[in-house]
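> this one's structure only:
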Ligand code: BEZ
């Protein structure tokens, strides 16, 4: 399968999960979604990742974003492993784990990288918008647990810039100044950004975060 790229429609699928049958596009609805794969159940780094996502649930919900995890393990293993995650990470797993035992979704999303591991999924992340288009892809190796603060930060940027002619600079966090798109003239910027802007260079203009 061809690599999925930003702006592509996230392939739709129906799958069995720890929270019942899930149709991906229906489940996303008019919100945002994160689909992320982990190499295998009953592994240490994955245990910490899924525990972390459970603890971040409210922060995803605040961003109108649903989260689903996926590996090629069977549903029974997912259910049993969740008990370990809850116990060791002091949390309650509160999002669906997709059981992709026939690897259909993993292949659809190119989550198996045979030169890294022939059978297991790598640590892929897809952020999908309400239009069902892919807004972000990340790929981490099995040995590196992901930074879910970064994933929340990117969602903040994606949502802020989706409908405004703004971008966010390096290491931006909610509340920091934003960058005005080069396609916007200074005259237009005056109307678009009532908080004003600073012209550091003609191509580098900063305006306060409009949502703060
Ligand atoms: C882990 O989640 O701990 C892990 C999974 C596969 C390879 C290495 C580590």
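Good, I have the coordinates. Predicted, not measured: the structure shown is a model, and the values here were computed from it.
> Checking residue 138 next. Helix, strand or coil?
Following DSSP: H, G, I helix; E, B strand; the rest coil, residue 138 is assigned to strand.
> and it, bridged to which residues?
In this entry, residue 138 is beta-bridged to residue 125, by DSSP bridges.
> And residue 16, by the same measure?
Under the criterion used (DSSP bridges), residue 16 bridges to residue 21.
> wait, isn't it in contact with residue 74?
No - with contact defined as CB atoms under 8 Å, residue 16 does not reach residue 74; the gap is 9.1 Å. The C-beta positions use only the backbone N, C-alpha and C, and glycine is treated the same way.
> domains for this protein, by residue range?
Listed domain ranges for the chain are 14-146, 164-207 (source: automatic domain parsing).
> So, low pLDDT: which residues of this protein?
Residues of the chain meeting the criterion pLDDT under 70: 1-2.
> what does it have sitting close to the ligand?
Counting by CB under 6 Å from any ligand atom, the chain comes close to the ligand at 39, 40, 43, 44, 45, 46, 142, 143.
> can you put those residues in CSV and add secondary structure?
What follows is the residues of the chain next to the ligand, written out as CSV (three-state DSSP):
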residue, secondary structure
39, coil
40, coil
43, coil
44, helix
45, helix
46, helix
142, coil
143, coil
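> Deepest-packed of the domains of the chain, please.
domain 14-146 (a mean of 17; mean count of other CB atoms under 10 Å).
> now the helices for the protein?
24-28, 44-55, 57-62, 75-89, 104-108, 148-162, 186-192 (DSSP state H).
> Compare these and give me the one nearest residue 212.
With distances scored as CB to CB, the stretch of the helices of the chain nearest to residue 212 is helix 148-162 (10.3 Å).
> Could you tell me which residues make contact with the most far-flung residue of the chain relative to its centre?
Centroid-distance maximum for the chain: residue 187 at 35.4 Å, with CA atoms, centre = their mean. With contacts defined as CB atoms under 8 Å, 6 or more residues apart in numbering, residue 187 has no neighbours.
> From residue 161, how far out is it?
Between residue 187 and residue 161 the computed distance is 21 Å (CB to CB, to the nearest Å).
> Equivalent analysis for residue 79, please.
Residue 79 sits 39 Å away from residue 161, going by CB to CB.
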